[in-house]
Each structure stands twice: as C-alpha cells, then as structure tokens.
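**Q** Dropping a prediction and its sequence here:
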Amino acid sequence: MNTMEQLRAGEGINSIELPPVTPEALVLYAEASGDHNPIHLDEDEAKRLGLPGIIAHGMWTMGNLAKLFTPYHEEGFLQDYQIRFTGMVFLGDIITLQAKLASKKDRLLTFQVTASNQNGIDVLKGNAIFKLVD
C-alpha cells in the first residue's frame with residue numbers, strides 16, 4: 001500500500017465494496033442518526049410516496065466514504081467533503097466506494113470520490129480533501 005505522500009495525480013487508493021444493503025443496517029443508521037424517515041424503513045410507505053421501495057439514507061452512503069481513508073489515519077485526516085447524490089441506493093445494492101487523487105497542493109490532497117452500485121451506476125460523486133499532518 002502506498003502512503004498518501006507517495007500518491008500521484010490520477011492514482012487511486014484501494015476501493016471498498018460494501019456488503020449488500022440490509023434493512024437491519026438502515027435501522028441501525030436511523031437509530032444512530034435520528035433520521036427515522038419512513039422511506040428508509042417502511043416498504044409500504046416508501047411505495048405510497050412514489051418510490052420503488054426502501055432507499056438507503058443518503059448520509060449513510062456518504063458516511064461510508066470515510067472508510068476509504070481509514071487505512072491512512074496515521075498520515076492525516078479528512079478535512080472536507082463536497083458531494084452530490086446522483087442516484088438512489090436500494091435494499092440489496094452492493095456499493096463500491098472509490099477515490100482517485102485529483103490534485104496535491106502543499107499538504108492538501110483532493111480526491112475525486114464515487115459510490116456506485118453493482119450495475120456500475122454512480123449514486124454519489126464528489127470531492128474529498130485529505131490533509132497530511134507532520
């Protein structure tokens with residue numbers, strides 16, 4: 001594994017494939033976050049509101065992005081995220097998280113980050129800034 005300091009623009013860090021999204025994972029997230037919106041927990045209510053079924057919390061997907069940077073915690077920290085949701089995550093989806101170094105300036109590394117489902121459809125895109133510490 002390369003260190004963050006060794007990365008060059010265009011190189012990525014190891015991608016992560018999350019296990020399939022389960023109702024239990026969303027209930028745990030709802031409890032932790034306080035977001036009990038029924039579109040994330042109740043199939044019938046989600047469908048009544050025009051969705052094809054339960055969808056994962058967007059912030060659940062975004063929060064999982066931090067896992068990409070966990071192996072590098074001794075080198076620095078995530079200073080900022082800027083993301084946009086581009087699709088929905090459904091029960092059973094397998095989400096792959098990826099980060100590619102876009103630029104390096106001083107001690108700040110800007111990564112392009114994505115989360116995509118098992119069909120290769122992006123559900124989240126954005127940037128994450130990782131700050132190297134001395």
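**A** Perfect, I can see it now.

**Q** in the chain, which spans are helices?
**A** Ranges of helices in the chain, per DSSP state H, are 23-33, 43-48, 58-64.

**Q** average pLDDT across the longest one?
**A** Per-residue pLDDT over helix 23-33 has a mean of 97.

**Q** low-confidence ranges in the protein?
**A** Within the chain, the ranges that satisfy pLDDT under 70 run 1.

**Q** change it to 50
**A** Within the chain, no range satisfies pLDDT under 50.

**Q** In the protein, which residue sits furthest out from the middle?
**A** Most distant from the centre of the chain: Arg48, at 27.5 Å, with distances by CA atoms, centre = their mean.

**Q** so how far is Pro38 from that one?
**A** 9 Å (CB to CB, to the nearest Å). From N, CA and C alone the C-beta is placed, and that goes for glycine too.

**Q** And for Gln79?
**A** 35 Å.

**Q** My read is that Asn117 contacts Ile95, right?
**A** Yes - between Asn117 and Ile95 there is a contact under CB atoms under 8 Å: 6.1 Å.

**Q** Of the two, give the one with the bigger neighbour count.
**A** Ile95 (22 against 18; other CB atoms under 10 Å).

**Q** backbone phi and psi for the more buried one, please?
**A** As for Ile95, its main-chain torsions (degrees, to the nearest 10) stand at phi -100, psi 130.

**Q** ok, and what's touching stretch 71-84?
**A** Stretch 71-84 is contacted from outside by 1, 3-5, 13-14, 62, 65-66, 69, 107-108, 113, 124-133, using CB atoms under 8 Å, 6 or more residues apart in numbering.

**Q** same thing but at 6 Å, please
**A** 4, 62, 69, 124, 126-133 (CB atoms under 6 Å, 6 or more residues apart in numbering).
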